[in-house]
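Asker: Dropping a prediction and its sequence here:
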Amino acid sequence: MEQIKRQRSNSVNNCDNNKKQKIEVETNCLLKEFVTCFEDLSNELIYEIFELLDFHHVYKAFYSLNTRFYNLIVNSTVPIDINLSSISKSTFERYNKDIILQNKHRIHSLHLSNPCLYDDISSPIHILSQFLRLETLSLNNIESIHLEYLLPTLVSLSCLSSLSITSNDIIRNKTSIYSQIVRLPALKYCSLSLKRSNCGESSLSTVNEYSPIEHLIIKHDITTNELYSLLSHVPQLRRLYVSDICNSWWKDIKTSVFVLPYLTHISLNLSSIYFNALEEMMIDIFNQVQVLHISIRYIYNEMYGNADKWEQLILSHMPNLRIFDIQYDSLSYNITTDNHNGNQVISNTTSDNFTSSFWIKRQSFFTQQYFQEQNKNRTIFYSTDPYRRKHYTLYNNIYQSTCLNSKETHLKSVQNLKIQNDKETINCKYYFPNATTLTLQNKLSRTYNLISVNLSRVIPLKQLTKLVIESNPISLTKLIELLRCTPHIHTLVLKSMSLYGINYNSIQQNQSFQLVSNTNTITNVTFNREGTLEKLQILVALFPRIQHLTIKPHTKNLESCIRFLVEKTNRNTNHLCSLCLLTTAKNWLTRLNTLIASETLLDDYMLKMIDWNLYLWW
């Protein structure tokens, strides 16, 4: 009987398998009927595909393919987005000639970050006033001399609605920059990161000139006087972010009374002003706020942790506030040691005051962490339900966290995760599903494969695009282990790397090394410590698609390192087109010019020094 059942079962299985095979064959036949060539697509559909790609990639793939695609690229009115951040000098010259100069009327956005490109006589930055349809402009790593020349020319761009600036050297007079920006007629979004200067402050000289800016981001320190002055010229402001507000050098001199009726979203980082100064600012100009994000770091001022003061301020002067998001990072002087039993006791913590009905009714919940950093006990008090910040740090806690009405497990807003000690990931109750940048500090697990196992508990490793390793040093074995689990990393920052027991020739035969070398997509590498030629050779062999390299070579190894990196026969540096040498000596510029010219290492290149950093682009 059992034998008959098995025969029937086998017969049914064979029948099912035959049906599956028949379905697969028929499906494949149908699919083949629908397979078509890319060239058979309509022009409209091809243009839609082009819009999803970097236009430089479109140019490289299709510009010289055939007449049809040439015409699709050249004879079109579709706006073009130009990104010159990752491009060699020779490629730029062709791209500039074929596309940029011929299509100034079509350029919708322009992004630059190469400091050498601002000096190039053929750079589009020198004819920017002719880009009449330009809406978005991003100027990263720009020197003050170029910025001072460029800003006045932007007034003629009637479509420019978004401007981002990151300076590469010290800005002596920030208020002159502000004055030029508020004159831009169509600007809606502005992000500024101006390198710090110790020069004095002054108010904007513009009188009765008002900017249409609605979203303002200031990523550098600004005094209260400067902030008041700047904000008095942006009456349409809706969102404001300031990375560091500091006290003015002299007594506050406020401008005439002004109102910001549309300013509803504010994010402030504070490290050098007291609560009463912030309170005054809230009353004066931030009283219409609906969403307030505030970070206080290392300010020893009890008022910031006083729930009653915040409650009074909100009730009296912030009637529209919906979201109160605070993070208060302070030295934990209130942590003492019980000498009788060796137990450490926490008393009168900040969080004790934030459990009243006022906060509960507003659905404002908080938690507190205690940890030790550089032999100092610190406390971080922050809002939780839900967590809204883009940055989060897993600290090496020395005490159990105090959680008040906190229910979160997935912190979805976090994009940048910093881990002080990877052991903290073992019992971590949080998961960061949308994080794309990971920073590892201090100690890492010594056990092979344990780092990636621990990290996978809190973060989707395959989702990461940037990895920063600040531990000192990391072994090459651990680095390879991490990179095997993070295949989509494109930017890597290393503080130091240990090659103990590693041989350059033998490591390249290692299976894991070869796997990472063949599959990783890393194009941007920064190595902050002084490195030898051997370390440089290993890095380049491990990252053969590298385009930008930032290093700190030893003086004795300078010529040999540069010769190795720009050598035309080195297949691992085929994509490398720019170098940044950190903390160099003044004579390095002459040394490299002499080396490149005497040995004809490069045919066309630019070499310049900004402060103590040396940039080479070819």
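Answerer: Arrived safely, thanks for sending. Residues are numbered from 1 along each chain as shown.

Asker: Where does the prediction get shaky in the stretch 251-400 of the chain?
Answerer: Applying pLDDT under 70 to the stretch 251-400 of the chain picks out residues 251-257, 299-301, 332-352, 373-375, 397-400.

Asker: Which parts of it are strands?
Answerer: Ranges of strands in the stretch 251-400 of the chain, per DSSP state E, counting those that start in this stretch, are 265-272, 291-297, 323-331, 335-337, 344-346, 366-373, 376-383, 391-394.

Asker: number of nearby residues for Thr583?
Answerer: 11 (other Cβ atoms under 10 Å). From N, CA and C alone the C-beta is placed, and that goes for glycine too.

Asker: Tell me how far the nearest residue to it once chain neighbours are set aside lies from Glu214.
Answerer: Take Thr583 and drop its neighbours on the chain: the residue closest to it by Cβ to Cβ, 6 or more residues apart in numbering is Trp612, 5.1 Å away. Look at Trp612 and Glu214: by Cβ to Cβ, to the nearest Å, they are 38 Å apart.

Asker: Tyr392 too?
Answerer: Tyr392 is 28 Å from Glu214, by Cβ to Cβ.

Asker: Please apply the same query to Phe432.
Answerer: 30 Å.

Asker: got it, and His146?
Answerer: In terms of Cβ to Cβ, His146 sits 27 Å off from Glu214.

Asker: between Trp612 and Glu214, which one's more packed in?
Answerer: Comparing Trp612 with Glu214 by other Cβ under 10 Å, the one with more neighbours is Glu214, at 18 against 12.

Asker: residues in contact with that one?
Answerer: Going by Cβ atoms under 8 Å, 6 or more residues apart in numbering, Glu214 touches Lys188, Tyr189, Gln236, Leu237, Arg238, Arg239, Tyr262.

Asker: where does the chain dip in pLDDT?
Answerer: In the chain (pLDDT under 70), the answer is 1-36, 197-203, 205-207, 249-257, 299-301, 332-352, 373-375, 397-408, 445-449.

Asker: Break it down into its domains, please.
Answerer: The record assigns the chain these domain ranges, following automatic domain parsing: 2-32, 478-618.

Asker: one step back: how about TSV for the strands of the stretch 251-400 of the chain, with distance to Leu499 and mean neighbour count added?
Answerer: As requested, the strands of the stretch 251-400 of the chain are arranged in TSV below (distance: least, Cβ to Cβ, whole Å; neighbours: other Cβ atoms under 10 Å):
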stretch	distance to Leu499	mean neighbour count
strand 265-272	38	18
strand 291-297	37	18
strand 323-331	37	18
strand 335-337	41	13
strand 344-346	41	13
strand 366-373	29	20
strand 376-383	33	19
strand 391-394	29	18
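
Asker: Is it possible to get a markdown table of the ones you listed that adds distance to Asn503?
Answerer: Shown next, in a markdown table, are these (distance: least, Cβ to Cβ, whole Å):
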| stretch | distance to Asn503 |
| --- | --- |
| strand 265-272 | 47 |
| strand 291-297 | 45 |
| strand 323-331 | 45 |
| strand 335-337 | 49 |
| strand 344-346 | 48 |
| strand 366-373 | 37 |
| strand 376-383 | 41 |
| strand 391-394 | 36 |
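
Asker: Any idea which of those gets closest to Glu424?
Answerer: Between Glu424 and the strands of the stretch 251-400 of the chain, the shortest gap by Cβ to Cβ is with strand 391-394, which sits at 4.6 Å.

Asker: which other residues reach the closest one?
Answerer: In contact with strand 391-394 (Cβ under 8 Å, 6+ apart) are residues 411, 414-421, 424-425, 428, 430, 432, 458.

Asker: Can I get it in CSV, CA atoms only?
Answerer: Only the C-alpha atoms of strand 391-394 are listed here, as CSV (Å, rounded to 0.1, in the frame of the first residue of the first chain):
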residue,chain,number,x,y,z
HIS,A,391,22.3,62.3,14.1
TYR,A,392,22.6,59.8,16.9
THR,A,393,25.6,58.6,19.0
LEU,A,394,25.8,55.3,20.8
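
Asker: didn't Tyr504 look like it was pressed against Lys535?
Answerer: No: at 9.1 Å, Tyr504 and Lys535 do not qualify as touching, with contact defined as Cβ atoms under 8 Å.

Asker: Compare these two (neighbour count), which wins?
Answerer: Lys535 (24 against 13).

Asker: Can you pick out the most distant pair from the contacts of strand 391-394?
Answerer: The largest distance within these, taken as Cβ to Cβ, falls between Gln415 and Asn421 and amounts to 21.2 Å.

Asker: higher neighbour count, those two?
Answerer: Using other Cβ under 10 Å as the criterion, Gln415 and Asn421 rank with Asn421 on top: 19 against 14.

Asker: ok, back up a step: derive a PyMOL selection command for the buried subset of the contacts of Glu214.
Answerer: With 16 or more other Cβ atoms under 10 Å as the criterion, this PyMOL line picks the buried residues out of the contacts of Glu214:
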select buried, resi 188+237+238+239
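
Asker: biggest separation within the contacts of Glu214, which pair?
Answerer: Going by Cβ to Cβ, the pair spanning these furthest: Tyr189 and Tyr262, at 14.4 Å.

Asker: what sits opposite Leu440 in the beta ladder?
Answerer: Per DSSP bridges, the residues bridged to Leu440 are Ile419, Ile469.

Asker: What about Ile145, how many residues nearby?
Answerer: There are 11 residues near Ile145, going by other Cβ under 10 Å.

Asker: thinking again about what came up before, whichever of the contacts of strand 391-394 end up buried, select them in PyMOL.
Answerer: Of those, the buried ones go into a single PyMOL selection, burial set by 16+ other Cβ under 10 Å:
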select buried, resi 411+414+416+417+418+419+420+421+424+425+430+432+458
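
Asker: Among the contacts of strand 391-394, which one lies nearest to Lys104?
Answerer: Scanning those for proximity to Lys104, where the rule is Cβ to Cβ, the winner is Gln415, at 35.0 Å.
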